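Student: here's my sequence, what's the structure:
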Amino acid sequence: MPAFTANPRPVAPKGGVKIALREGPGGAYVSLTLNAEVQERAFGRRLAKGEPMMMTLNSDPGKTHILLITSTDKGEIQVGGFMRGAVRLEAAPWRGCDTTPRKAVACAQLALRDGTVAVRLPDWAQPKAEGRA
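Tutor: Modelled structure (predicted):
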């Protein structure tokens, strides 16, 4: 049998941005995880633990599915460490977000550039549009 060298299996990036709803001692909170590839593409570097970030939700009808994550000096949300180069952001649930704990699910990435990550939120995490109950 001829000898050959096996190549490692290519690994596709899995869920570059994930969202979960967790329960902690202080109540429910939203947990977002950004993997290393997303950080490099959006911010040009890996984010440091403790770095300030800002999350912006859109409550306009037809745009409630969009969440922007931006690097800023004035952000109140701090980057937390995670494993394998990923980082975690935690925030209080917003109006319209289900508060039942949810396992992490991948968010579709709409844009990764200029210090901003734009993702499509799952139905349970979308805020209510202005004027809707």
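Student: can you give me the helices for the protein?
Tutor: With DSSP state H as the criterion, the chain has helices at 36-43.
Student: where does pLDDT dip in it?
Tutor: Within the chain, the stretches with pLDDT under 70 are 1-14, 128-133.
Student: could I get the full set of strands for it?
Tutor: 17-24, 27-34, 52-57, 66-71, 77-78, 80-81, 87-91, 102-106, 108-113, 116-120 (DSSP state E).
Student: nearest to Pro127, out of those?
Tutor: strand 52-57 (5.3 Å; CB to CB). Backbone N, C-alpha and C define where each C-beta goes, glycine included.
Student: next, the buried residues of the closest one.
Tutor: For strand 52-57, burial by neighbour count (16 or more other CB atoms under 10 Å) applies to 53-55, 57.
Student: in CSV: the residues you listed, plus distance to Glu90.
Tutor: Formatted as CSV, the buried residues of strand 52-57 follow (distance: CB to CB, whole Å):
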residue, distance to Glu90
Met53, 10
Met54, 14
Met55, 10
Leu57, 15
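Student: now render the strands of the chain as TSV, adding distance to Ala42.
Tutor: TSV is the format used below for the strands of the chain (distance: least, CB to CB, whole Å):
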stretch	distance to Ala42
strand 17-24	10
strand 27-34	8
strand 52-57	11
strand 66-71	8
strand 77-78	15
strand 80-81	17
strand 87-91	12
strand 102-106	16
strand 108-113	4
strand 116-120	5
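Student: so which of the ones you listed is nearest Arg46?
Tutor: Comparing the strands of the chain under CB to CB, the one sitting nearest is strand 87-91, at 7.8 Å.
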